[in-house]
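Student: pasting the sequence and the predicted coordinates here, then a few questions.
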Amino acid sequence: MRLSKLFTKTLREAPADEASKNAQFLIRGGFISKVMAGVYEYMPLGWRVLDKINNIIREEMNAVGGQELFMSVFQNKDIWSATERWDGAKEVMYQFKDSSGKELGLGFTHEEPLTAAAQHFISSYKDLPKAVYQIQTKFRREERAKSGLLRGREFLMKDLYSFHADQEDLDRYYEEVAVAYDKIFKRVGVKALRTSASGGLFSKYSDEFQVLADVGEDLIYVCSECGYAENKEIHAEGGSKCPKCGHGFTEEKSIEVGNIFKLGTKFSSALGLDFTDEAGAKKPVIMASYGIGPGRLMATAVEVSNDERGIIWPETIAPYRVHLVLLDEQGARSKEQEVANKIYEDLSKKGIDVLYDDRQDKTAGEKFADADLLGCPVRLVVSKRTLEKDQVEIKMRNKKEVAFASLKDLLSQLP
RNA sequence: CGGAGCGUAGUGUAACGGUAGCACGAGACGUUUGGGACGUUUUAGUCCGAGUUCAAAUCUCGGCGCUCCGACCA
């Protein structure tokens, strides 16, 4: 991508009405733009980051046998009434009547419709287990949207649902997914702690994946020795000893980037999702659900990895791996430009994504400032100074040192 | 939902109740090019509605919107 052609432009100053780092940097960089409180649009750069996050999630979900599908955002009142959740959901669900008077809601989770859909396809123990997931927009009537992408009214969610014949199978799969979650967060470049939490309406407990950060709205207790963590909501008052190893806890603020639940038979019983076991007996399917917020994850990556100049993207989710800066002496026909164009083409041909700052009307300082703000891992500079030695400058966004590579073997020396 | 603060141009900021100004951005031309360069020039604004007043960005009331703290959070 040539910066001269990019749809968005950067802002020199952060908008006055955003306090969180993720919102400030993402808006300044042109990754997202704000529509209203808690609602943001993804611009091309932001969409690339999100796409990379989603693809990591997809790979790990597919690896544990998840099958991707795509449900409707519209949900019927009927199925929510079957689980007696329609009225209770009022506070968080956008509910309305369409022109024919039919009552609808916008989905903030999909247990009901998916359980209903599964009825068509699950009837025997031979049909189990099954796992399906989607990456889809959810809506929530947040009483107070806050902190940029961290708590919105419209947001993306990856939700996986699994169906099992017995508790043992569910427990086994649940652990498999927990491991997949660890992999996802590690690959995305954030350090997430599996944290014991309450199960809300569904079950005795759930597991959350929490990333330590000051903007986080959760409070968790983390064992300084073994890393065991639990949410404040289940942390026994005055319980200062880790149940796993006996060491002390520290209290930390954190962002919940994922949450996994054992649902049991709550939904299958209410909606009649039964199967026939080996002995011919009819039983409700046992279910679990597993969520990750990709947009929140993107914001979290920004919150935990930045400096005063801008974002420092983890390599795996950076919008582009290489930010190529052309410092051009004399406009259209300069040697610098020829060399930079060539590098841009060569790297692109090799499948390396490059954001190429070919802008003619920007000063060096401005280009460097933008490179820092946008936060791609590798910065290459082509200028008169580097060409005198037939070199290209290489600087990593997360390091101070500047290195050089000869034009010839730039590819092999690219970090 | 309780509390606090704030709405002026694309962004950031000024203006005692009395001419809406500055910087950046964006557009044009020229000169520039290693950390947000310079000159000339153009562009664009008081959230909405009522009230008080000779006069309202400024005061009052209502609405809408945004942020923060707390509560809530399937």
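Tutor: Now that the structure is in, tell me what you want to look at.

Student: contacts, neighbours, all on C-alpha from now
Tutor: Fine.

Student: any idea how far residue A:76 lies from residue A:180?
Tutor: The spacing between residue A:76 and residue A:180, counted by C-alpha to C-alpha, to the nearest Å, is 32 Å.

Student: ditto for residue A:112
Tutor: 25 Å.

Student: the two: who's more crowded?
Tutor: residue A:112 (23 against 19; other C-alpha atoms under 10 Å).

Student: does that one count as helix, strand or coil?
Tutor: Classification of residue A:112 using DSSP: H, G, I helix; E, B strand; the rest coil returns helix.

Student: that one contacts residue A:80, doesn't it?
Tutor: Yes. Counting by C-alpha atoms under 8 Å, residue A:112 sits close enough to residue A:80 to count as a contact (6.4 Å).

Student: overlap in contacts of those two?
Tutor: Taking C-alpha atoms under 8 Å, 6 or more residues apart in numbering as the contact definition, residue A:112 and residue A:80 share no neighbouring residue.

Student: the residue of the stretch 301-415 of chain A at minimum distance from RNA strand B is in what secondary structure piece?
Tutor: For the stretch 301-415 of chain A, the residue closest to RNA strand B is residue A:365, as judged by C-alpha to the nearest atom of the strand, at 2.7 Å. Following DSSP states H and E, one finds residue A:365 within helix A:364-374.

Student: quick one: end-to-end length of stretch A:315-334, please.
Tutor: For stretch A:315-334, the first-to-last residue distance is 32 Å (C-alpha to C-alpha).

Student: what sits up against that stretch?
Tutor: When contacts are defined by C-alpha under 8 Å, 6+ apart, stretch A:315-334 is touched by residues A:45-46, A:48-50, A:52-53, A:187-189, A:336-337, A:340, A:344, A:352-360, A:363-364, A:367-368, A:371, A:375-384.

Student: from one end of stretch A:344-355 to the other, what's the distance?
Tutor: Here the two ends of stretch A:344-355 are set 8 Å apart, with distance taken as C-alpha to C-alpha.

Student: what mean pLDDT would you report for it?
Tutor: Stretch A:344-355 shows an average pLDDT of 96 in the prediction.

Student: is stretch A:240-255 in proximity to RNA strand B?
Tutor: No. Judged by C-alpha under 7 Å from any atom of the strand, stretch A:240-255 stays clear of RNA strand B, getting no closer than 10.4 Å.

Student: per-residue pLDDT of the residue positioned nearest the centre of chain A, please?
Tutor: In chain A, the residue lying closest to the centroid (C-alpha atoms, centre = their mean) is residue A:294, at 2.3 Å. Note for residue A:294: predicted pLDDT of 97.

Student: so it touches residue A:55, yeah?
Tutor: No. Assessed by C-alpha under 8 Å, residue A:294 is found out of contact with residue A:55, at 10.2 Å.

Student: list buried residues within the contacts of stretch A:315-334.
Tutor: Among these, those classed as buried by neighbour count (16 or more other C-alpha atoms under 10 Å) are A:45-46, A:48-50, A:52-53, A:187-189, A:336-337, A:340, A:344, A:353-359, A:367-368, A:371, A:375-384.

Student: tell me where the model's unsure across the stretch 151-300 of chain A.
Tutor: Counting by pLDDT under 70, the low-confidence segments of the stretch 151-300 of chain A come to A:200-203, A:237-239.

Student: what does the stretch 51-200 of chain A put close to RNA strand B?
Tutor: By the rule C-alpha under 7 Å from any atom of the strand, the part of the stretch 51-200 of chain A lying against RNA strand B is A:85, A:88-92, A:109, A:142-148, A:199-200.

Student: before we move on, back to that, narrow the buried ones among the contacts of stretch A:315-334 to those in strands?
Tutor: Using DSSP state E, A:354-357, A:378-382 are the members of the buried ones among the contacts of stretch A:315-334 that sit in strands.

Student: would a markdown table of these with distance to RNA strand B be doable?
Tutor: As requested, those are arranged in a markdown table below (distance: C-alpha to the nearest atom of the strand, whole Å):
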| residue | distance to RNA strand B |
| --- | --- |
| A:354 | 18 |
| A:355 | 16 |
| A:356 | 15 |
| A:357 | 11 |
| A:378 | 12 |
| A:379 | 9 |
| A:380 | 9 |
| A:381 | 6 |
| A:382 | 6 |
